[in-house]
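>>> Next comes the sequence, and after it the predicted model I'd like to discuss.
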Amino acid sequence: MNRNFLEKSAAEAAPLLLGKLLCHRTPEGLAAGMIVEAEAYCGPEDDAAHSFGGRRTARTEAMFGPPGHAYVFSIYGMHRCFNVVTAPEGSPQAVLIRALEPVEGLELMAARRGTADPLLLCSGPGRLCQALDIGLAQYGLDLCGEELFLAEYRDFSPGEICVSPRVNVDYAVEYRDRLWRFFVKDSPYVSRVPRRYTARATLSRL
């Protein structure tokens, strides 16, 4: 993946990441999935973002660096969430990858997840990190490298992409209802589809 592709706002980059492969090469083998769901977190102005208000800590440092790096964090002390850093250096924005369609290394993913059901391997941020063995050790990795990386795979038209507010951001006020969650229309691998958005206009009609 060319780094210049990610040198744009998270809201611009998120729908463009749909159809790309997220790949992790480990000693056990290669596991990869096509991105089918992603959320944009747009920096200091976005009160749902970890970098809201320009917050710069050891946890958020990767977001302040150049685009095309991994921002990984923990939730509930047990699950990991993987994000793609976007926007020019110094603008702390990132795209949370919420779901993948498994493509490569399904047996390896199944062993890690404890299930062979393809719909349960990567349908959610924590699940996909477990399936691809992405943890805090991968924090800050260059996604244009050869270990954890993005690759071209498939292109979706705007009419194939649906939008909704982001998941679990009720703590936000001004940006809670922004339509910054993007997912592939009718994909069974998407983590969840809010009922009131199942018939909503796709990206092409916004």
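Structure received.
>>> Do you have the strands of the chain handy? List them.
Along the chain, the stretches classed as strands by DSSP state E are 21-26, 29-41, 70-75, 79-86, 93-104, 148-151, 161-164, 181-184.
>>> CSV please, covering these and showing distance to D142 and mean pLDDT.
(Each C-beta comes from the backbone N, C-alpha and C, glycine too.) Formatted as CSV, these follow (distance: least, CB to CB, whole Å; pLDDT from 0 to 100):
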stretch, distance to D142, mean pLDDT
strand 21-26, 13, 98
strand 29-41, 17, 97
strand 70-75, 8, 94
strand 79-86, 10, 96
strand 93-104, 15, 98
strand 148-151, 8, 97
strand 161-164, 27, 92
strand 181-184, 24, 95
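>>> could I get those strands as a markdown table with mean neighbour count and distance to T60?
Putting the strands of the chain into a markdown table (neighbours: other CB atoms under 10 Å; distance: least, CB to CB, whole Å) gives the following:
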| stretch | mean neighbour count | distance to T60 |
| --- | --- | --- |
| strand 21-26 | 20 | 21 |
| strand 29-41 | 24 | 11 |
| strand 70-75 | 19 | 8 |
| strand 79-86 | 23 | 10 |
| strand 93-104 | 25 | 9 |
| strand 148-151 | 18 | 19 |
| strand 161-164 | 21 | 25 |
| strand 181-184 | 25 | 21 |
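>>> which stretch among these comes nearest G140?
Closest approach to G140 among the strands of the chain (CB to CB): strand 70-75, 6.2 Å.
>>> Which strands border that closest one, and is each parallel or antiparallel?
Strand pairing for strand 70-75, using DSSP bridges, gives strand 79-86 (antiparallel).
>>> about what we covered before: could you dump the strands of the chain to CSV with distance to R55?
Output for the strands of the chain, formatted as CSV (distance: least, CB to CB, whole Å):
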stretch, distance to R55
strand 21-26, 26
strand 29-41, 12
strand 70-75, 13
strand 79-86, 15
strand 93-104, 13
strand 148-151, 25
strand 161-164, 26
strand 181-184, 22
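>>> mind listing the helices for the chain?
10-17, 106-113, 125-132 (DSSP state H).
>>> Tell me which residues touch the spatially most central residue of the chain, please.
Centroid-nearest residue in the chain: I97, 1.3 Å away (criterion: CA atoms, centre = their mean). Contact analysis of I97 by CB atoms under 8 Å, 6 or more residues apart in numbering lists 17, 22, 35, 37-38, 82-84, 125, 128.
>>> Recalculate using a threshold of 6 Å.
Applying CB atoms under 6 Å, 6 or more residues apart in numbering, we find I97 in contact with 35, 38, 82.
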